[in-house]
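structure for the following, please:
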Amino acid sequence: MREVVDKNLNRLMHESGFNIARNLKLLRRDKNVTQKEVAQHLNIDVTTLSHYETGIRMPDIDTLIALARYYDTDINRIISSDY
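Numbering: from 1, shown residues only. Prediction:
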């Protein structure tokens, strides 16, 4: 089930033109933290976070939730094209 949700979420993000990479970078800069600090908090590799911020990879739903909590925002702000 989770794989289906992740696959559909990734398809939706690409088809709708959401700019998750840009939003994640802006949220991190707004919080004035480094990629290393965010990666350590989320227990992920800094390269993985870098790939999220450059659009090479897309975070799965669990990671989106963790990022939203870390940045004290909701997922809509992360996936929105209006941020």
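
burial of Thr34, as a residue count?
Other residues near Thr34 come to 12 when the count uses other Cβ atoms under 10 Å. (C-beta placed from N, C-alpha, C; glycine too.)

cool, and the one 3 residues further on?
Other residues near Glu37 come to 15 when the count uses other Cβ under 10 Å.

which residues touch it?
For Glu37, the contact set (Cβ atoms under 8 Å, 6 or more residues apart in numbering) is empty.

and the pLDDT for it?
As summarised for this prediction, Glu37 has a pLDDT of 98.

ok, now Thr63?
Note on Thr63: pLDDT of 96.

identify each buried residue in the helix or strand hosting it, please.
Here Thr63 sits within helix 61-70, counting by DSSP states H and E. By neighbour count on 16 or more other Cβ atoms under 10 Å, the buried set for helix 61-70 is 63-64, 66-68, 70.

ok, stretch 26-45 next?
Neighbour counts over stretch 26-45 (16+ other Cβ under 10 Å) mark 26-28, 35, 38-39, 42, 44 as buried.

picking up where we left off before, dump the helix holding Thr63 to PDB, restricted to CA.
What follows is helix 61-70, C-alpha atoms only, in PDB (Å, rounded to 0.1, in the frame of the first residue of the first chain):
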ATOM      1  CA  ILE A  61       5.400  10.400   2.300                       C
ATOM      2  CA  ASP A  62       7.000   9.500   5.600                       C
ATOM      3  CA  THR A  63       9.900  11.800   4.900                       C
ATOM      4  CA  LEU A  64       7.500  14.600   3.800                       C
ATOM      5  CA  ILE A  65       5.700  14.300   7.100                       C
ATOM      6  CA  ALA A  66       9.000  14.400   9.000                       C
ATOM      7  CA  LEU A  67      10.200  17.500   7.000                       C
ATOM      8  CA  ALA A  68       6.900  19.300   7.600                       C
ATOM      9  CA  ARG A  69       7.200  18.600  11.300                       C
ATOM     10  CA  TYR A  70      10.800  19.700  11.400                       C
END
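
ranges for the helices of the protein?
For the chain, the helices defined by DSSP state H occupy 2-16, 20-31, 35-42, 46-54, 61-70, 75-79.
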